[in-house]
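# Predicted coordinates and the sequence they were generated for:
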Amino acid sequence: MKNTPDIAVYCRRWHSCGLVATAAVVAILSLASAAGAAEKVATRLLPSPFKENMLRERRFLVSLEPLALTREFRRNAGFAPLPEDDGILPLGGWEKPGMELRGHTCGHWLSGMASLYEATGDESLRRRAAETVGILRQCQDAMGSGYLSAFPESGIDKTIRGERYWAPWYTLHKILAGLLDQHECCGNPEALEVAARFGDWAAEKVLPLTSEEAANMRKREFGGIAESLLLLSAAVDDPVRAEKYRRAAGVFHDPTVMDPLDRREDRLHGRHANTFIPKVIADMRKWELLGDKAAFDRAHFFWRTVMDGYLYAPGCVSSKEAFRGPGLQGRFVTGMTGETCCTVNLLKLSRRLFAASDDDRERAELADYQERALWNHILGQMNPIDGALTYFLPLETGTYKLQSRPNDCFWCCMGTAMESHTRIHRVVAEDVAGTLYVNHFIPAEIRWRGMTLRLETRFPEEESATLRVIDAPDSRQEAEIAIRLPFWTKDGCGRSSYARYSRIWKRGDALEIPLPCRLRTESIPAAPSRKAVFFGPILLAGRLGVEGIAKNRLRSTNYATHDFAIPPHLASVPLEPLDSWRRIAPPPPPPRDMDGATVETLDFFAHPSFVTPSGLKVSPFWAVHDERHVVYFDEPAAAPAH
């Protein structure tokens with residue numbers, strides 16, 4: 001077994017850093033990649049539920065020790081344990097020794113720390129992540145080939161032979177993506193060096209494969225490894241290396257998925273959704289980096305197919321991890337709808353399509369989806385009291401959000417949460433072709449083209465927003481801002497659009513944005529009498545209480561076999577006439593004595609809330625935790641005609 005004092009030095013040096021926040025948000029502009037929107041727009045969230053979730057996720061990320069995150073990497077590289085390891089809690093769940101997906105969390109963590117640094121300018125985050133990258137480099141050095149993982153390379157070899165191994169390339173993608181994010185957002189050259197050496201190994205591994213071996217390998221979930229290899233090709237200066245990475249990415253092109261899309265055929269039913277979506281994201285990178293029009297057309301067809309035939313009310317698209325449809329959602333409303341990773345990846349795809357679109361109507365529709373998914377799935381994934389996270393988003397009436405335990409899970413959806421809750425700032429406003437598109441009504445400060453803008457709102461508690469110019473350069477150059485006009489406003493015309501404002505902006509200029517909301521319903525396909533209720537874009541849920549929920553049943557590691565034990569009288573809830581619902585102050589969360597969580601003092605932001613004539617309290621779905629809920633109400637049958 002090997003040991004090196006350098007790893008211990010990395011650890012001790014980090015412990016001496018402390019946590020010193022800075023206001024250097026503007027530093028993001030000089031560090032971001034020229035390929036990303038962050039070069040043109042730097043956004044900082046202001047107080048809102050989204051910022052609260054970001055801060056909770058930050059607290060979790062900084063609680064994870066670099067030595068804990070890299071323990072299995074070091075073991076795999078042959079290093080002996082360090083004395084410091086004895087005082088650090090090992091990661092459990094999917095990160096336990098012997099778990100075939102171990103190491104994925106470290107990659108997500110690197111990505112989350114990068115986007116947190118981008119969002120806050122907090123130098124302590126950048127330094128701590130750099131220490132972790134340094135440890136990973138030493139592991140890579142010790143293994144010698146460029147390979148870098150917490151599990152042995154034999155896992156890859158097994159998939160090439162057609163033998164079972166969980167999802168090795170999926171895990172390697174998370175590690176490579178984390179390194180690339182560290183380089184792009186934090187300006188870390190060592191991260192790019194490690195990524196490039198990994199890319200060399202990956203190319204040497206896959207380029208000699210026969211077509212049969214490559215097909216065997218692709219049968220296991222491989223995540224976004226093709227996308228990351230393409231991004232790596234754009235990040236390196238060596239054209240020979242770049243071409244090699246592009247060719248390696250091509251080995252992961254999956255004809256079983258892509259050929260039907262080329263033929264514009266919907267073959268999604270039964271497909272594992274989170275295996276499928278990253279392949280389409282890679283197609284968008286082929287379009288962006290290589291000009292592959294066929295890849296763009298596939299991605300565009302896939303998007304329309306999913307939106308038209310597989311969407312549930314919160315913005316999720318799967319049941320028991322698979323696509324079910326088209327138009328069959330009503331038959332698959334279970335306690336295992338809505339794998340969160342799928343929604344996170346669809347949000348990533350929506351940004352790529354938004355940047356590529358030249359049609360404002362299509363851009364507005366993409367932003368509509370983002371709004372639906374952000375408010376109704378992503379925001380509600382995290383419990384606002386203790387930061388626990390869901391894997392699935394149960395939509396069956398009488399179920400509840402089953403959430404993680406602090407160190408016993410480390411599911412894939414906990415990993416993507418490290419990214420999704422720290423990247424909200426990226427979608428509030430985006431620059432496309434020199435126009436600033438303000439897509440989401442989330443409080444934020446936006447720096448763009450020398451201006452500082454502030455998006456002020458308490459939406460949805462207050463049904464309006466103001467975009468205010470706080471600072472502007474003295475130049476006489478016009479700039480165009482486009483504000484999304486949502487379809488759900490009372491005066492909307494049925495579909496969203498943009499209002500464009502082009503002028504020479506001055507300090508003190510302001511755009512007032514009315515956002516009037518109304519209660520409305522959406523039927524679920526294949527069960528038209530079952531309806532979800534929205535207030536504007538906000539999905540509402542009836543709060544059914546805690547009847548039958550045993551102690552500690554709200555936190556579980558066994559999401560796939562969990563029995564919600566739904567009381568029969570809560571299995572269906574009738575829809576009462578919307579004009580009879582009365583607006584009320586947000587009710588408090590239920591008592592927390594059943595799972596031992598520590599109650600924090602919160603401004604419980606659960607607007608808007610209502611009460612129905614029967615006394616049922618209804619709140620935003622994202623704010624309903626630790627109790628049973630109803631999302632799809634049952635419309636009473638019409639009385640027979642006489």
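Arrived safely. Numbers count the residues shown, from 1 in each chain.
# who does the lengthiest helix in the chain touch, helix- and strand-wise?
In the chain, with assignment by DSSP state H, the single longest helix is helix 123-143. Other helices and strands packing on helix 123-143, by 3 or more C-beta pairs under 8 Å, 6 or more residues apart in numbering; DSSP states H and E, are helix 5-15, helix 49-63, helix 66-69, helix 71-77, helix 104-120, helix 168-186, helix 189-206. (Glycine included, C-beta is placed from N, CA and C.)
# Would you mind listing the buried residues in it?
Judged by neighbour count (16 or more other C-beta atoms under 10 Å), helix 123-143 contains these buried residues: 123-140, 143.
# Taking helix 49-63 as reference, get the angle to that helix.
50 degrees (axes from the mean of the first three to the mean of the last three C-alpha atoms, to 10 degrees).
# Just the mean pLDDT for helix 123-143, thanks.
Averaged across helix 123-143, pLDDT comes to 98.
# Check which element follows it along the chain.
helix 154-160 (DSSP states H and E).
# ok, and for that next one, which residues are buried?
Residues of helix 154-160 classed as buried under the neighbour-count rule (16+ other C-beta under 10 Å) are 155-156, 158-160.
# next one: stretch 449-459
Neighbour counts over stretch 449-459 (16+ other C-beta under 10 Å) mark 449, 451-457, 459 as buried.
# would you turn the residues you listed into JSON lines with pLDDT and secondary structure?
Shown next, in JSON lines, are those (pLDDT from 0 to 100; DSSP: H, G, I helix; E, B strand; the rest coil):
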{"residue": "R449", "pLDDT": "95", "secondary structure": "coil"}
{"residue": "M451", "pLDDT": "96", "secondary structure": "strand"}
{"residue": "T452", "pLDDT": "97", "secondary structure": "strand"}
{"residue": "L453", "pLDDT": "98", "secondary structure": "strand"}
{"residue": "R454", "pLDDT": "98", "secondary structure": "strand"}
{"residue": "L455", "pLDDT": "98", "secondary structure": "strand"}
{"residue": "E456", "pLDDT": "98", "secondary structure": "strand"}
{"residue": "T457", "pLDDT": "96", "secondary structure": "strand"}
{"residue": "F459", "pLDDT": "95", "secondary structure": "coil"}
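# May I see these organised as TSV, with distance to R628 added?
Listed next are those as TSV, based on distance: C-beta to C-beta, whole Å:
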residue	distance to R628
R449	49
M451	47
T452	45
L453	42
R454	40
L455	35
E456	36
T457	31
F459	28
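# Skipping adjacent residues, who's closest to Y501 in space?
Spatial nearest neighbour of Y501, chain neighbours left out: I481 (5.1 Å); criterion: C-beta to C-beta, 6 or more residues apart in numbering.
# what's the helix or strand for the one you found?
Counting by DSSP H and E, I481 is part of strand 479-485.
# Now tell me which helix or strand of this protein has the poorest mean pLDDT.
Counting by mean pLDDT, DSSP states H and E, the weakest-scoring helix or strand in the chain turns out to be helix 27-31, with a mean of 32.
# Could you count how many residues lie near P574?
Residue neighbour count, defined by other C-beta atoms under 10 Å, stands at 12 for P574.
# And the pLDDT for it?
98.
# For it, list each beta-bridge partner.
Beta-bridge partners for P574, by DSSP bridges, are D634.
# pLDDT score for the closest residue to R555 other than its chain neighbours?
Distances taken as C-beta to C-beta, 6+ apart put R405 closest to R555, at 5.0 Å, once the chain neighbours are dropped. The model reports R405 with a pLDDT of 87.
# From L540, how far off is the nearest residue to P586 once chain neighbours are set aside?
Spatial nearest neighbour of P586, chain neighbours left out: A606 (3.6 Å); criterion: C-beta to C-beta, 6+ apart. Using C-beta to C-beta, to the nearest Å, one gets 10 Å for the distance from A606 to L540.
# What of R298?
Using C-beta to C-beta, R298 is found at 36 Å from L540.
# How is the chain partitioned into domains?
1-31+64-252, 437-514, 519-634 (automatic domain parsing).
# residue boundaries of the strands in the stretch 501-642 of the chain?
510-514, 519-524, 527-535, 538-545, 582-584, 609-611, 617-620, 628-630, 633-634 (DSSP state E, counting those that start in this stretch).
# CA atoms only for the longest helix of the chain, dumped as CSV, please.
C-alpha atoms of helix 123-143 as CSV (Å, rounded to 0.1, in the frame of the first residue of the first chain):
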residue,chain,number,x,y,z
GLU,A,123,-13.3,32.1,-2.3
SER,A,124,-13.5,29.4,0.4
LEU,A,125,-15.6,27.2,-1.9
ARG,A,126,-13.0,27.5,-4.7
ARG,A,127,-10.1,26.7,-2.4
ARG,A,128,-11.8,23.7,-0.8
ALA,A,129,-12.7,22.3,-4.2
ALA,A,130,-9.2,22.9,-5.4
GLU,A,131,-7.9,20.8,-2.5
THR,A,132,-10.1,18.0,-3.6
VAL,A,133,-9.0,18.2,-7.2
GLY,A,134,-5.4,18.0,-5.9
ILE,A,135,-6.2,14.8,-4.1
LEU,A,136,-7.8,13.3,-7.2
ARG,A,137,-4.8,14.2,-9.2
GLN,A,138,-2.6,12.3,-6.9
CYS,A,139,-4.9,9.3,-7.2
GLN,A,140,-4.7,9.6,-11.0
ASP,A,141,-0.9,9.8,-10.8
ALA,A,142,-0.7,6.7,-8.6
MET,A,143,-2.8,4.7,-11.1
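# how much does that helix deviate in direction from helix 168-186?
Using the same axes, to 10 degrees: helix 123-143 against helix 168-186 is 140 degrees.
# quick one: the nearest residue to G309 once chain neighbours are set aside from P168, how far?
Spatial nearest neighbour of G309, chain neighbours left out: P326 (2.7 Å); criterion: C-beta to C-beta, 6+ apart. Separation of P326 from P168 (C-beta to C-beta): 32 Å.
# cool, and F50?
F50 is 34 Å from P168, by C-beta to C-beta.
# neighbour-wise, which of those two wins?
P168 (27 against 22).
# For the more buried one, give me its contacts.
Listed by C-beta atoms under 8 Å, 6 or more residues apart in numbering, the contact partners of P168 are 100, 149, 151, 155-156, 159, 220.
# mind listing what's buried in the strand holding I481?
479, 481-485.
# Now render those residues as TSV, adding distance to G78.
Output for the buried residues of strand 479-485, formatted as TSV (distance: C-beta to C-beta, whole Å):
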residue	distance to G78
A479	56
I481	56
A482	55
I483	57
R484	54
L485	60
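# okay if I get these as a markdown table plus pLDDT?
Shown next, in a markdown table, are the buried residues of strand 479-485 (pLDDT from 0 to 100):
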| residue | pLDDT |
| --- | --- |
| A479 | 96 |
| I481 | 98 |
| A482 | 98 |
| I483 | 98 |
| R484 | 97 |
| L485 | 96 |
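# Need the max-distance pair from those.
Spatially, the most separated pair among those is A479 and L485, at 19.5 Å (C-beta to C-beta).
# ok, R520 touching P486?
No. Using C-beta atoms under 8 Å, R520 is not in contact with P486; the gap is 12.0 Å.
# re the thing from before, what's the burial count for the residue nearest to P586?
21.
# any idea how far R583 is from it?
12 Å.
# can you check E100 too?
Where R583 is concerned, E100 sits at a distance of 51 Å (C-beta to C-beta).
# one step back: and the pLDDT at the residue nearest to G309?
98.
# same deal with A560?
85.
# my read: it touches M336, true?
Yes. The pair A560 / M336 is scored as a contact, 7.2 Å apart, by C-beta under 8 Å.
# The two: which has the busier surroundings?
M336 (22 against 11).
# right, and that one touches F564 too?
No. M336 is not in contact with F564 according to C-beta under 8 Å; the separation is 10.3 Å.
# Need the residues touching each of these two.
What both M336 and F564 touch, as defined by C-beta under 8 Å, 6+ apart, is the set P394.
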